[in-house]
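Asks: can't give you the sequence, but here's the structure:
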């Protein structure tokens, strides 16, 4: 039996575990905190703009499980907010246990509070992963889905300090770059001014701390837009954001709130004393990050160089996915890349040709396009997402964007890729 070791239990790691298991592997998923999903526990946005297309593509390819859960947990479906159409907002307060039950029900071995610290390597091949308790886990193929946020020093150096985000580095220890430990240098994303990293793009407010009318409108409609006092408009904040699909003028001139269980405020941070001067926000309290009045987590400081089949360069048996695999933004993007990495982990172990998703579908084009762009200096300043900014424009130009599932099914059938992730290879 092929033993696949996945380090990182976010959306990408869970997706990789699912497809590797369906391909027949003995799958072991390690997560350094006590929760799966990582930033997915404070995210919540699905199916907006081109993410609808990518979600349907993944379902047709055979990676339906996580999309079924996010759809099931949706508080609101088919909503619009500035720059975004037909979004679905899942409830971040109930999503993680459902995903955890799925992982356990599939027979995937799950290890929480296991922090990877180093690799054991022979030539260009990893043989094992060392953990903080000095145990070593050996495997045949390894997938790194550790994300690009942390350790705390990065938020101190490139941000406003540790904002005490959902990743909780002080409690569970810092994230470690395994490809770097194996001698393959990380790629660092940049901001438009050339500085490194970018702020996470949203904060979460306790909905009950907001005015009754605001909470009521959020619960009923899923979205609310509140004008910011003219004196407090800060257009410079838009350049800080990871999520360039939300770097629109509307997000500087207004508070854009989405109902994901909490009130998701679409800004990297907002000074609490200014926020509380706005009607209905007099008692506002941050849920994530706790220091959301002054900062947020810093991301995109740890990307592994890889090919379009998700294999890390210069290492024979390491794959990557999610933010670890490129300047990708979003849960859908993590599931897309994770699903491919998990499936290819078994192909790699068996000596089979690795699957490369064709560029005639949005999922394959995003993976390839981002990999091309990241090799140039200007490409390091961009972020790649199905939901907006440069890549959604590209989707529309290439006629890759559609909400018609039948059109997508016909295309994927013609490519002979229908349900390929459901094929048992072992």
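Replies: Perfect, I can see it now. From a predicted model like this one, the values you see are computed outputs, not experimental measurements.

Asks: Need the residues that contact stretch 167-174.
Replies: 32-34, 38-39, 113, 115, 132, 147, 149-153, 162, 164, 175, 297 (Cβ atoms under 8 Å, 6 or more residues apart in numbering). No exception for glycine: its C-beta is placed from N, CA and C like everyone else's.

Asks: and those residues, which of them are in helices?
Replies: Those of those mapping onto helices are 152, 153, per DSSP state H.

Asks: Report the buried members of the contacts of stretch 167-174.
Replies: 32-33, 38-39, 113, 115, 132, 147, 149-152, 162, 164, 175, 297 (16 or more other Cβ atoms under 10 Å).

Asks: where does the stretch 251-400 of the chain dip in pLDDT?
Replies: Of all residues in the stretch 251-400 of the chain, none has pLDDT under 70.

Asks: Show me the strands in it, by range?
Replies: For the stretch 251-400 of the chain, the strands defined by DSSP state E, counting those that start in this stretch cover 254-259, 263-265, 286-288, 298-299, 318-320.

Asks: quick one: the last one to chain centroid distance?
Replies: A distance of 16 Å separates the C-alpha centroid of strand 318-320 from that of its chain, computed with Cα atoms, centre = their mean, to the nearest Å.

Asks: going forward can the numbers begin at 659, since that is how I track them
Replies: Will do, 659 is the new start, and the previous item becomes strand 976-978.

Asks: Helices of the stretch 959-1084 of the chain, start to end?
Replies: Taking DSSP state H, counting those that start in this stretch to define them, one finds helices in the stretch 959-1084 of the chain at 989-1008, 1020-1031, 1047-1055, 1063-1072.

Asks: any chance of the ones you listed in a markdown table, plus mean neighbour count and distance to residue 853?
Replies: A markdown table is the format used below for those (neighbours: other Cβ atoms under 10 Å; distance: least, Cβ to Cβ, whole Å):
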| stretch | mean neighbour count | distance to residue 853 |
| --- | --- | --- |
| helix 989-1008 | 28 | 23 |
| helix 1020-1031 | 21 | 19 |
| helix 1047-1055 | 18 | 19 |
| helix 1063-1072 | 15 | 39 |
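
Asks: Using the record's assignment, carve this structure into domains.
Replies: Domain assignment of the chain by automatic domain parsing yields the ranges 661-735+747-851+957-1080, 856-946.

Asks: Tell me which of those domains lies nearest to residue 741.
Replies: Across those, residue 741 has its closest neighbour in domain 856-946 (5.0 Å, Cβ to Cβ).

Asks: Kindly check the end-to-end length of the closest one for me.
Replies: Taking Cα to Cα, to the nearest Å, domain 856-946 runs 17 Å from one end to the other.

Asks: repeat for stretch 1011-1019
Replies: End-to-end distance of stretch 1011-1019 (Cα to Cα): 20 Å.

Asks: contact partners of it?
Replies: Outside of stretch 1011-1019, the residues within contact range by Cβ under 8 Å, 6+ apart are 715, 719, 966-969, 998, 1001-1002, 1005-1006, 1021-1023, 1025-1027, 1058, 1066, 1069-1070, 1073, 1075, 1078.

Asks: and the host helix or strand of residue 769, what does it pack onto?
Replies: Assigned by DSSP states H and E, residue 769 belongs to strand 767-770. On a contact count with 3 or more Cβ pairs under 8 Å, 6 or more residues apart in numbering; DSSP states H and E, strand 767-770 meets strand 684-689, helix 753-763.

Asks: Low-confidence stretches in the stretch 759-908 of the chain?
Replies: With pLDDT under 70 as the threshold, the stretch 759-908 of the chain has low-confidence stretches at 891-906.

Asks: Show the contacting residues for the residue located most distally from the centre of the chain.
Replies: Relative to the centre of the chain, and counting by Cα atoms, centre = their mean, the farthest-placed residue is residue 889 at 33.8 Å. For residue 889, no contacting residues are found, by Cβ under 8 Å, 6+ apart.
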